[in-house]
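*Asks:* prediction below, plus the sequence it came from.
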Amino acid sequence: MADNNGADQAPKKSKLKLIILLVLVVVLAVGLSIAGTLWFLKDQGDDSAPEAGSDPAEEVFQPSQYFVLDKALVTTVQSQGRQRYVQVYLAFEADDPAALAATELHLPLLRSQLINVLAGSDFMALQAAGSREQLAAEMLAMVNGVLAQEGAPALKGVLLRNFVMQ
């Protein structure tokens with residue numbers, strides 16, 4: 001009986017050694033492949049990277065700034081012979097603080113022109129899909145036109161914060 005137990009023990013130890021050896025080989029192979037990949041990528045990155053100071057046109061991220069109109073623009077629009085009301089709260093978006101300062105300076109003129117753009121819209125057309133984006137684009141073009149006449153930088157966008165039709 002003792003001989004049978006000893007014979008069973010010897011093959012298990014050799015299988016355990018074989019499994020440990022295979023796991024070590026696999027881990028070593030994976031580690032070497034990762035190290036080799038990183039080494040090759042590092043060499044490629046160094047060759048293609050431009051030198052510091054050689055590319056002055058590199059663009060730096062500048063977050064947008066906003067100017068929010070506190071008072072809503074309220075006007076009437078025509079709809080099939082009836083007068084309807086439209087109320088819009090706006091915000092102006094710009095990358096340049098000078099554009100927002102010019103917007104604040106010329107705000108009475110801009111409010112008047114924005115109300116004219118809004119009043120010239122058709123009530124039924126404003127209810128259509130995509131019409132609000134088109135209205136914001138028209139307002140942006142008008143505001144940038146006024147700012148260009150005044151010699152100020154242009155805005156990036158006109159944002160509709162709240163839009164109510166009655």
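*Replies:* Yes, it's here.
*Asks:* next up, the contacts around V74.
*Replies:* Neighbouring residues of V74 by CB atoms under 8 Å, 6 or more residues apart in numbering: 85-88. Just so you know, the C-beta spots here come from the backbone N, C-alpha and C atoms, and that holds for glycine as well.
*Asks:* partner residues bridging it?
*Replies:* With beta bridges defined as DSSP bridges, V74 has these partners: Q87.
*Asks:* check which helices and strands the strand or helix carrying N116 sits against.
*Replies:* Here N116 sits within helix 107-119, counting by DSSP states H and E. Helix 107-119 makes packing contacts with strand 73-79, strand 82-94, helix 131-149 when contacts are defined by 3 or more CB pairs under 8 Å, 6 or more residues apart in numbering; DSSP states H and E.
*Asks:* what about the helix or strand that the last one is followed by, average pLDDT?
*Replies:* Using DSSP H and E, the next helix or strand after helix 131-149 towards the C-terminus is strand 157-165. Across strand 157-165, pLDDT averages out at 93.
*Asks:* also stretch 25-40?
*Replies:* For stretch 25-40, the mean per-residue pLDDT is 89.
*Asks:* convert the C-alpha atoms of that stretch to PDB, please.
*Replies:* Listed next in PDB are the C-alpha coordinates belonging to stretch 25-40 (Å, rounded to 0.1, in the frame of the first residue of the first chain):
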ATOM      1  CA  VAL A  25       6.800  31.700 -19.200                       C
ATOM      2  CA  VAL A  26       3.500  33.200 -20.200                       C
ATOM      3  CA  VAL A  27       3.800  36.100 -17.700                       C
ATOM      4  CA  LEU A  28       7.300  36.800 -18.900                       C
ATOM      5  CA  ALA A  29       6.200  36.700 -22.600                       C
ATOM      6  CA  VAL A  30       3.400  39.200 -21.900                       C
ATOM      7  CA  GLY A  31       5.700  41.500 -19.900                       C
ATOM      8  CA  LEU A  32       8.300  41.500 -22.600                       C
ATOM      9  CA  SER A  33       5.700  42.200 -25.400                       C
ATOM     10  CA  ILE A  34       4.400  45.200 -23.400                       C
ATOM     11  CA  ALA A  35       7.900  46.500 -22.700                       C
ATOM     12  CA  GLY A  36       8.800  46.100 -26.400                       C
ATOM     13  CA  THR A  37       5.700  47.900 -27.600                       C
ATOM     14  CA  LEU A  38       6.200  50.800 -25.200                       C
ATOM     15  CA  TRP A  39       9.900  51.000 -26.300                       C
ATOM     16  CA  PHE A  40       9.000  51.100 -30.000                       C
END
